[in-house]
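S.K.: predicted model and sequence follow; I will ask about them next.
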Amino acid sequence: MSKPPRHHGLTGRRGAGWRERLPAVFAGLCLPLLVWWSGCLTDRVQPPRGRAPVVMTMEVTGYCNCGLCCSWDRGWLGLGSPVISSGPNKGRPKAVGMSACGLRAKHGTIAADTSVLPFGTVVYVPGYGYGRVEDRGGAITGRKLDLWYASHGEAQTWGRKRMNVRVWRP
């Protein structure tokens, strides 16, 4: 009497089961890490509890990580690493996508004149939501805010608006 054939996974090969499951296991471990890194699982910006906001009228614009918005180019003949293209730091290396306080720019990153709104100030902008002052720019002086967007098109669509925003200073 012969034995019935043993089932060896999807391929019919002996010992292949764990190899076939490895990509799924890897994805199961890496996907949450990638979601966290992209900002989907990190804390959302929220106003401090128990404190009333100050309402300020501000000129609000949008920006992204591109060279037009952040004054950088590719340096030597457009082939090199990103460098600052204007101002007192012209020619110095530029860490594209990093804010002035050293954090990765993401939805909710706001650039402001830090003499008016210091780093860490929480701001609610109608039509954008909550954000935190984590960046500054050469053209952002006085009562101006610049909201970070993932693309240049989104930043341009926002345009330039004069509006009342709610502010919670640190």
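M.R.: That came in fine, so what should we check first? Numbers count the residues shown, from 1 in each chain.
S.K.: pLDDT weak spots in the chain?
M.R.: Within the chain, the segments meeting pLDDT under 70 span 1-43, 70-73, 75-79, 84-85, 94.
S.K.: what about the helices in it?
M.R.: For the chain, applying DSSP state H gives helices covering 17-38, 67-70, 152-158.
S.K.: domain-wise, how is the chain divided?
M.R.: 1-42, 54-168 (automatic domain parsing).
S.K.: mind listing the strands for this protein?
M.R.: 54-63, 72-73, 83-84, 109-112, 122-125, 129-135, 144-148, 160-168 (DSSP state E).
S.K.: got a list of contacts for the fifth one?
M.R.: Counting contacts by Cβ atoms under 8 Å, 6 or more residues apart in numbering, the residues outside strand 122-125 that touch it are 45-48, 53, 60, 110, 112, 117, 130-133, 145, 147, 163, 165-168. From N, CA and C alone the C-beta is placed, and that goes for glycine too.
S.K.: which of the residues you listed count as buried?
M.R.: Buried by 16 or more other Cβ atoms under 10 Å: 45, 60, 110, 112, 117, 130-133, 145, 147, 165-168, out of these.
S.K.: can you lay out the strands of the chain as a markdown table showing distance to residue 92?
M.R.: Listed next are the strands of the chain as a markdown table, based on distance: least, Cβ to Cβ, whole Å:
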| stretch | distance to residue 92 |
| --- | --- |
| strand 54-63 | 20 |
| strand 72-73 | 10 |
| strand 83-84 | 5 |
| strand 109-112 | 19 |
| strand 122-125 | 29 |
| strand 129-135 | 17 |
| strand 144-148 | 21 |
| strand 160-168 | 29 |
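S.K.: what's the span of stretch 50-59 from first residue to last?
M.R.: 27 Å (Cα to Cα, to the nearest Å).
S.K.: circling back: for the strands of the chain, which one sits closest to residue 102?
M.R.: strand 129-135 (8.6 Å; Cβ to Cβ).
S.K.: neighbouring strands for that closest one, and are they parallel or not?
M.R.: The sheet places strand 129-135 alongside strand 109-112 (parallel), strand 122-125 (antiparallel), with pairing taken from DSSP bridges.
S.K.: what's the distance between the closest residue to residue 113 other than its chain neighbours and residue 150?
M.R.: With sequence-adjacent residues excluded and distances taken as Cβ to Cβ, 6 or more residues apart in numbering, residue 113 is closest to residue 141, at 5.1 Å. Computed as Cβ to Cβ, to the nearest Å, the residue 141 to residue 150 distance reads 25 Å.
S.K.: good, wrapping up.
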